[in-house]
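**Q** Structure of the sequence below:
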Amino acid sequence: MHKPVMEVAIPQGSAEALTIAVEQLVRHVRLSATTGGLSSAASFVLSRLAREGPQRLTELARAEGVSQPNMSQLVNRLERAGLVRRTADHSDGRGVLVEVTDTGVEVFLRRRAERAQALQQLIDELSEQERHAVAVALPALARAIQDRQPRP
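**A** Next comes the predicted model:
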């Protein structure tokens with residue numbers, strides 16, 4: 001077992017303690033999704049395309065915070081795996097859109113189900129009071145995130 005590099009007292013219930021808890025939760029749930037053997041970056045792109053629809057390569061790169069050449073390589077790998085395809089952008093004859101395939105949607109849905117199952121297993125280990133707190137807190141935080149998103 002690894003020893004922490006340095007032990008720092010973090011007040012329980014503080015934003016820092018909650019950040020650590022969220023990081024652990026996200027890591028646990030993210031690593032539970034294994035369908036398709038995708039990297040985190042590939043999973044994020046597939047998820048974005050399945051939820052939001054076709055997008056230009058430049059939009060995907062910007063949204064995921066990577067360079068356009070890196071996104072192009074990632075899309076090439078997803079395309080070879082049959083999870084996405086490139087199509088003509090009918091609004092701009094020169095443009096190309098990346099869209100998820102039926103196989104890609106299947107992989108996305110299975111990965112989401114795996115993550116949901118991992119989260120449910122954790123929730124099942126909580127007391128009734130803790131389950132109620134999670135059921136109230138997580139949707140509230142999701143709403144706060146949604147409220148910060150720019151409106152189209």
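**Q** On the three-state scheme, the residue positioned nearest the centre of the chain is what?
**A** With distances taken as CA atoms, centre = their mean, the residue of the chain nearest its centroid is F44 (4.7 Å). At F44 the chain is in helix, as set by DSSP: H, G, I helix; E, B strand; the rest coil.
**Q** so what's it closest to, chain neighbours aside?
**A** For F44, ignoring the flanking residues on the chain, the nearest one in space by CB to CB, 6 or more residues apart in numbering is E64 at 6.0 Å. For glycine as for every other residue, the C-beta is placed from the backbone atoms N, C-alpha and C.
**Q** Thought S40 was touching the one you found, still the case?
**A** No: counting by CB atoms under 8 Å, E64 stays clear of S40, with 10.3 Å between them.
**Q** Give me the number of neighbouring residues for T19.
**A** Using other CB atoms under 10 Å, T19 has 11 neighbouring residues.
**Q** Look at the residue of the chain most remote from its centre and tell me its secondary structure.
**A** Distance from the centre of the chain peaks at G93, with 31.0 Å (CA atoms, centre = their mean). Secondary structure state of G93, per three-state DSSP, is coil.
**Q** tell me the pLDDT at it?
**A** Per-residue confidence (pLDDT) for G93: 70.
**Q** mind checking the SS state of R85?
**A** strand.
**Q** beta partners of it?
**A** Beta-bridge partners of R85, counted by DSSP bridges, are E99.
**Q** The residue nearest to A61 when sequence neighbours are not counted: helix or strand, and which one exactly?
**A** Nearest residue to A61, sequence neighbours excluded (CB to CB, 6+ apart): M71, at 3.8 Å. Using DSSP states H and E, M71 maps to helix 68-80.
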